[in-house]
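**Student:** Predicted model follows, preceded by the sequence.
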Amino acid sequence: LLLEKSLSIAGASWIHEEQSIGRWKDDSAFVNAVSSLRFLFLDSTDPIAVKKLKAKRIVGSQYVVTQQWVTGYEPPMIPSAPEGGADMPYRDVKGVFRMPTGIVSIEESRVNSLVGTRLGKAKDRCLDALVEGNGNMPRDSKLEYHQRGGYVEFQDVVAMFVNMPGKGGESRPNRGYPNEWLEGGKFMSWFLRENEWNGGKTSVGEKLLGKNDYNNPVLFVRMGRGDFLCCGQCKVAEPQSNHDESGSRDWALVELHLELLDWETLKSNMDFKALIDTTENKNDETEEALDKANGSGLADELAKLVLTGDFITSTFIASKRTPVNGEKRSFHFGLTELKLVLSQSSSDDAGRAAKIVADKLDELYVES
């Protein structure tokens, strides 16, 4: 009744030929006014199927899958649960066939064809480009992967993503990793959590190192909010040591060095040169500022980072001021060094930041 009165006021009505609401034929202003629903019983209590299909218990113990679409449009295909585990294909509630990246292999020739190509601002654009024309991907299917994180695992390769700070620190994530270009862009520092690395014994670790005939990882880099540039294949160098005795293993950062295998091709690419020049100038400015800042000056700079939640960069800079071997490098060590640096300033910001760091150290101690 409310919908009928609302449409009357707007001068709209039900158009039988179009099976939709509008003021005239092909009027799209009210396209979402009426929706159709389909309810399906899920013949499973498998938590993976329940999660993937967003099933809910409405009445009793039976899980129900709900599909919704605009009335008059083609209804979506019937969903199906993954068979055999989370890394198996399935059809979601929108009728889209989903392919987990873990079961999709990437052709090396496709990677080579993308070197030096700008692929857009979204991670999806890069991944879709990798599988374009791939015989492993059914028609009209979509990749499924963890949206957050700096890498995506395929069956035989890892795609790595790096956001470099733009001009004036534009789009710099508060908890971003302090990646750096080395030797004019021939190498890059790249960071991974210790629990994701585990001495290169994890699934992603083995793929990064190219073990078991895995292909070399693929690197995509962008500056600020710009487009991702495909930097081609990389060779990953193992760190000298991955052992962490701090009791905060999961928080520890492992620094890997990536050698760009397509550097000879990239060094004459204008987009790559712009990426290197801008970020290297930014790094030079940062290093110069830190060199000038000593004692309370550096403490106040790091306090600003801590107060904005940027523990990664602040601990990285603090620990970098004190040369240590790989065994001691960890998030716990960085926090300890950061606390010492902050204590050199009597400013209110440094005091608040020191309290935050102390609380974080206490949390790690309790967890360990």
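**Tutor:** Structure's in. What do you need?

**Student:** The stretch 101-250 of the chain: strands as residue ranges?
**Tutor:** Using DSSP state E, counting those that start in this stretch, the strands found in the stretch 101-250 of the chain span residues 142-144, 151-153, 158-164, 181-182, 187-193, 218-223, 229-237.

**Student:** Just send those back as TSV, with distance to Lys267, mean pLDDT and mean neighbour count too.
**Tutor:** Every residue, glycine included, has its C-beta placed from N, CA and C. Shown next, in TSV, are the strands of the stretch 101-250 of the chain (distance: least, C-beta to C-beta, whole Å; pLDDT from 0 to 100; neighbours: other C-beta atoms under 10 Å):
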stretch	distance to Lys267	mean pLDDT	mean neighbour count
strand 142-144	31	92	18
strand 151-153	24	93	22
strand 158-164	17	91	22
strand 181-182	12	84	16
strand 187-193	13	86	19
strand 218-223	14	93	24
strand 229-237	11	92	22
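
**Student:** and Glu132, which of these is closest to it?
**Tutor:** Relative to Glu132, the nearest member of the strands of the stretch 101-250 of the chain by C-beta to C-beta is strand 142-144, separated by 11.3 Å.

**Student:** Make TSV from the strands of the stretch 101-250 of the chain and add distance to Thr66 to it.
**Tutor:** Formatted as TSV, the strands of the stretch 101-250 of the chain follow (distance: least, C-beta to C-beta, whole Å):
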stretch	distance to Thr66
strand 142-144	20
strand 151-153	29
strand 158-164	33
strand 181-182	49
strand 187-193	36
strand 218-223	36
strand 229-237	39
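
**Student:** Following the chain onward from the helix or strand Phe316 falls within, which element is next?
**Tutor:** Secondary structure assignment for Phe316, by DSSP states H and E: helix 311-320. Downstream of helix 311-320, the first helix or strand assigned by DSSP H and E is helix 331-342.

**Student:** okay, Pro178: pLDDT?
**Tutor:** For Pro178, the model assigns a pLDDT of 69.

**Student:** on that earlier part again, so which of the strands of the stretch 101-250 of the chain gets nearest Glu255?
**Tutor:** Across the strands of the stretch 101-250 of the chain, closest to Glu255 is strand 187-193 (C-beta to C-beta), at 5.7 Å.

**Student:** Let me know how buried the nearest residue to Gln147 once chain neighbours are set aside is, in neighbour terms.
**Tutor:** Of all residues not flanking Gln147 in the chain, Lys123 sits nearest, at 7.7 Å (C-beta to C-beta, 6 or more residues apart in numbering). Look at Lys123: counted by other C-beta atoms under 10 Å, it has 19 neighbours.

**Student:** Check Lys211 too.
**Tutor:** The number of residues packed near Lys211 is 11, by other C-beta under 10 Å.

**Student:** how much space between the spatially closest residue to it that is not a sequence neighbour and Ile312?
**Tutor:** Take Lys211 and drop its neighbours on the chain: the residue closest to it by C-beta to C-beta, 6+ apart is Gly200, 7.6 Å away. Gly200 sits 22 Å away from Ile312, taking C-beta to C-beta, to the nearest Å as the criterion.

**Student:** next one: Gly102
**Tutor:** Distance, Gly102 to Ile312, by C-beta to C-beta: 27 Å.

**Student:** So those two - more neighbours on which side?
**Tutor:** More crowded of Gly102 and Ile312, by other C-beta under 10 Å: Ile312, with 19 against 16.

**Student:** one step back: quick one, which of the strands of the stretch 101-250 of the chain gets closest to Pro79.
**Tutor:** Nearest of the strands of the stretch 101-250 of the chain (C-beta to C-beta): strand 142-144, 13.7 Å.

**Student:** Pairing partners for that closest one, with directions?
**Tutor:** strand 97-100 (parallel) (DSSP bridges).

**Student:** what does the partner strand rub up against?
**Tutor:** Contact with strand 97-100 is made by 52, 86-92, 136-138, 140-145, as judged by C-beta atoms under 8 Å, 6 or more residues apart in numbering.

**Student:** hmm, try it at 7 Å
**Tutor:** For strand 97-100, contacts defined as C-beta atoms under 7 Å, 6 or more residues apart in numbering pick out 87-92, 137-138, 140-144.

**Student:** Most neighbours among those residues, which one?
**Tutor:** Most surrounded of the contacts of strand 97-100: other C-beta under 10 Å gives Glu144, at 22 neighbours.

**Student:** Any stretches of the stretch 101-250 of the chain with poor pLDDT?
**Tutor:** Low-confidence segments of the stretch 101-250 of the chain (pLDDT under 70): 166-178, 239-250.

**Student:** so where do the helices sit in it?
**Tutor:** 108-114, 123-131, 194-197, 203-208 (DSSP state H, counting those that start in this stretch).

**Student:** Let me have these in JSON lines, adding distance to Cys230 as columns.
**Tutor:** Shown next, in JSON lines, are those (distance: least, C-beta to C-beta, whole Å):
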{"stretch": "helix 108-114", "distance to Cys230": "4"}
{"stretch": "helix 123-131", "distance to Cys230": "7"}
{"stretch": "helix 194-197", "distance to Cys230": "23"}
{"stretch": "helix 203-208", "distance to Cys230": "17"}
